[in-house]
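Undergrad: Coordinates for the following, if possible.
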Amino acid sequence: MTESDLPVAELTPGRWGDPAQMVELPAAALDALKHLGIQRPGGASAPAGIGGGAPAAEAPGAEAPGASAPAGAADRPELTGAQLAFLASVVGSDHVASDLDSRWAHTRGYSTTDLLRFRAGDASDMPDAVVYPASHEEVVALLAGCAEHDLAVVPYSGGTSVVGGLAPTGRFITVDLRRLDQLVELDEISRTATLQAGVRGPAAEHLLAERGYTLGHFPQSYEGASIGGYAAARSSGQSSAGYGRFDQMVVGLTLATPRDTIELGRAPMSAAGPDLRQLVLGSEGAFGIITSVVVRIRPRPTERHFEGWRFESFDAGLTAVRRLAQDGPLPTVLRLSDEIETAVNLADPDVLGGGSGGVLAIIGFDGPYNQATAYVLTAAGGENLGEGPGETWRTGRYRAPYLRDPLLDEGAFVETLETAAFWSRIPALKTAVTEALVNALSATPPLVLCHVSHVYETGASLYFTVICAQSDDPVEQWLTAKYAANHAIADAGGTISHHHGVGTDHRTAYHAEIGSLAVEALQAVKHTLDPDGVLNPGILI
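TA: Residues are numbered from 1 along each chain as shown. From the prediction side, this is the model:
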């Protein structure tokens, strides 16, 4: 199976992914949790037949925790009749949802703290209504009238934010773009495709595959994320070494603002002033709502190859992947796990603790295998482990996020964070962030995993996974750890986010990173495009 064969996952509140695809924790993982001092809440033993995973009431097919809105959510004031009438006048009454369950299903995103708040029945960030426009014109009309009707707006398509990008300050409505789900145009001569913002990742691949093309963008949120979300957060996918980040794929876009429409991308490149496409990409709905993008596409590969390579240490592996990034030839996928992540092996937890030590690199090719890449890795001290580890990683990649919910059920806390830096700073950055997390979570000693997930000629990204026992207040537990990690990233010369975005979680650190004058410049842009401040207030700036 390839990514083009995966279905869209209909996400449920409070639990990642398709409920029918829930996974069980293997015995090796349960034993590892015991060594970390993690105990199932209440001391209950694993239910018979569930293998230590979710409680019996949460087995596949049962209602996931948080799927229905908590009773207390009904206590908040409702929208006025005039407000509801305005929304209905734009999109039709059938496409305005103000019932509790629809609003609850659009509350926050999918960070671990988001999921914990779902489980606790916290409805504080719930929208007052969900609106489903069917066209760019309807989005423009909605934004134009929201200031007059005192309505803030949050754009929503996949809903997979993990940085608080869907939890603005104050009350708001959610504009769900799922009805904007078309492949508008495919230009085979220029090899571009115009896709509406609500097209989900797998659906985009299906549409392009019918014509023999691929976008080549496969983030770990791929099952649920959307084209608009990719653009709004500057997403990166596993194949970025070969296809580039999503912002590198975008050659044009259409932006709806409260004042009017902005069309960007007359040509692939231009010297006509600053590239305003790059101003909109990564703006997370603060400047407007992206309703469609024009993206570069490529012929769908007829063959793919994945394999694993072993290095004695992370430093040795880092040297090898840097050589490929700087001097080539680059594979489509290039990734390096550190010693702890290699041992844990999230792609195949059944072999937890196995292997002969060292670190694991994964390389993948969309197209013919390039032996020259293997020569570089061998010269750098790598040992070719064959296709087995590569295929295990490829087929298990989208399974890993499904492990988080049964881990939470068992009393574990598991969360991720990422950063990027120039090559010369990567070793010190990795050490600093790891130490900050370990020190901040000393009361519940953590396991900290790390890998290089995206590479460039001048630097790379680092992606950390943290696993520890939940404290009495796990939300505050992580906020304290994340605060320490953010400071370590800044002090070590890294960026606060490589591909998760800013949202509310990174806003303070982002402002410190770019400086007060740059923040003022962004605020001026927002004031021009959104003078009444109705767009995603409190997000980004």
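
Undergrad: Nearest residue to T419 in space, ignoring adjacent ones along the chain?
TA: Of all residues not flanking T419 in the chain, G494 sits nearest, at 4.1 Å (C-beta to C-beta, 6 or more residues apart in numbering). Where C-beta positions appear, they are placed from N, C-alpha and C, glycine not excepted.

Undergrad: wait, doesn't that neighbour sit right on A421?
TA: Yes. Proximity of G494 to A421 meets the contact threshold set by C-beta atoms under 8 Å, at 4.2 Å.

Undergrad: coming back round to it: which residues does the residue nearest to T419 contact?
TA: T419, A420, A421, R425, L429, V433, L462 (C-beta atoms under 8 Å, 6 or more residues apart in numbering).

Undergrad: rerun that using 10 Å as the cut-off
TA: Shown here is G494, whose contacts under the criterion C-beta atoms under 10 Å, 6 or more residues apart in numbering are 418-422, 425-426, 428-430, 432-433, 459, 461-462, 486, 488, 513.

Undergrad: For it, report the pLDDT, please.
TA: As predicted, G494 sits at a pLDDT of 98.

Undergrad: how far out from the middle of the chain is stretch 112-122?
TA: In terms of C-alpha atoms, centre = their mean, to the nearest Å, the gap separating the centre of stretch 112-122 from the centre of its chain is 18 Å.

Undergrad: May I see the buried residues of it?
TA: T112, T113, D114, L115, L116, R117, F118, R119, G121, D122 (16 or more other C-beta atoms under 10 Å).

Undergrad: any idea of the mean pLDDT in it?
TA: Confidence over stretch 112-122 (mean pLDDT, whole number) is 93.

Undergrad: cool, and stretch 152-159?
TA: For stretch 152-159, the mean confidence score works out to 95.

Undergrad: what does stretch 414-431 give?
TA: Here stretch 414-431 scores 98 as its mean pLDDT.

Undergrad: Now it: buried residues?
TA: By neighbour count, and taking 16+ other C-beta under 10 Å as the criterion, the buried residues in stretch 414-431 are 414-421, 423, 425-426, 429-430.

Undergrad: just stretch 455-475 next, same as before
TA: By neighbour count, and taking 16+ other C-beta under 10 Å as the criterion, the buried residues in stretch 455-475 are 455-456, 459-470, 474-475.

Undergrad: Among those, which are located in strands?
TA: Of the buried residues of stretch 455-475, the ones assigned to strands by DSSP state E are V455, G459, A460, S461, L462, Y463, F464, T465, V466, I467, C468, A469.

Undergrad: could you list every residue that touches A85?
TA: When the contact criterion is C-beta under 10 Å, 6+ apart, the partners of A85 are L79, S93, V96, H149.

Undergrad: quick one: the second one and F86 touch, right?
TA: No. Applying C-beta atoms under 10 Å, one finds S93 not in contact with F86, separated by 11.4 Å.

Undergrad: hang on, the earlier thing: quick one: which of the ones in strands among the buried residues of stretch 455-475 is nearest to F314?
TA: Sorting these by how near they are to F314, with C-beta to C-beta, puts L462 at the top with 10.6 Å.

Undergrad: On the pLDDT front, check the closest one for me.
TA: Looking at L462, its pLDDT reads 98.

Undergrad: contacting residues for it?
TA: 336, 338, 417-421, 426, 429-430, 433-434, 450-454, 489, 494, 498.

Undergrad: What of V475?
TA: Contacts were defined as C-beta under 10 Å, 6+ apart; by that measure V475 touches T112, T113, D114, L116, R117, A120, D122, F413.

Undergrad: Tell me what angle the helix or strand hosting the fifth one forms with strand 459-469.
TA: Counting by DSSP states H and E, the element that carries R117 is helix 112-119. Between helix 112-119 and strand 459-469, the angle formed by their directions is 40 degrees, by axes from the mean of the first three to the mean of the last three C-alpha atoms, to 10 degrees.

Undergrad: For helix 112-119, list the C-alpha coordinates in PDB.
TA: Once side chains and other backbone atoms are set aside, the C-alpha atoms of helix 112-119 remain, and they are given as PDB (Å, rounded to 0.1, in the frame of the first residue of the first chain):
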ATOM      1  CA  THR A 112      -1.700  15.800  23.800                       C
ATOM      2  CA  THR A 113      -2.900  18.700  26.000                       C
ATOM      3  CA  ASP A 114      -5.800  19.100  23.600                       C
ATOM      4  CA  LEU A 115      -6.700  15.400  24.000                       C
ATOM      5  CA  LEU A 116      -6.400  15.600  27.800                       C
ATOM      6  CA  ARG A 117      -8.700  18.600  27.900                       C
ATOM      7  CA  PHE A 118     -11.200  16.700  25.700                       C
ATOM      8  CA  ARG A 119     -11.000  13.700  28.200                       C
END
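
Undergrad: so where do the strands sit in the stretch 201-350 of the chain?
TA: In order along the chain, the stretch 201-350 of the chain carries the following strands (DSSP state E, counting those that start in this stretch): 213-214, 250-256, 261-264, 289-296, 298-299, 304-311, 333-337.

Undergrad: and these as JSON lines, adding mean pLDDT and distance to A343?
TA: Output for the strands of the stretch 201-350 of the chain, formatted as JSON lines (pLDDT from 0 to 100; distance: least, C-beta to C-beta, whole Å):
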{"stretch": "strand 213-214", "mean pLDDT": "97", "distance to A343": "33"}
{"stretch": "strand 250-256", "mean pLDDT": "98", "distance to A343": "38"}
{"stretch": "strand 261-264", "mean pLDDT": "98", "distance to A343": "46"}
{"stretch": "strand 289-296", "mean pLDDT": "98", "distance to A343": "38"}
{"stretch": "strand 298-299", "mean pLDDT": "98", "distance to A343": "36"}
{"stretch": "strand 304-311", "mean pLDDT": "96", "distance to A343": "12"}
{"stretch": "strand 333-337", "mean pLDDT": "98", "distance to A343": "9"}
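
Undergrad: which stretch among those comes nearest G242?
TA: Smallest distance to G242 across the strands of the stretch 201-350 of the chain (C-beta to C-beta): 7.0 Å, for strand 333-337.

Undergrad: Sheet-wise, list the partners of that closest one with their directions.
TA: Partner strands for strand 333-337, per DSSP bridges, with pairing direction: strand 359-366 (antiparallel), strand 447-455 (antiparallel).

Undergrad: CA atoms only: put the least confident helix or strand in the chain by mean pLDDT into CSV for me.
TA: When the helices and strands of the chain are compared on mean pLDDT, DSSP states H and E, helix 27-35 comes out lowest with a mean of 86. Taking only C-alpha atoms (Å, rounded to 0.1, in the frame of the first residue of the first chain), the coordinates of helix 27-35 have been written out as CSV:
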residue,chain,number,x,y,z
ALA,A,27,3.5,-6.6,25.7
ALA,A,28,7.0,-5.1,25.1
ALA,A,29,5.6,-1.6,25.3
LEU,A,30,3.6,-2.4,28.4
ASP,A,31,6.7,-3.7,30.1
ALA,A,32,8.6,-0.6,29.1
LEU,A,33,6.0,1.6,30.7
LYS,A,34,6.5,-0.2,34.0
HIS,A,35,10.2,0.6,33.9
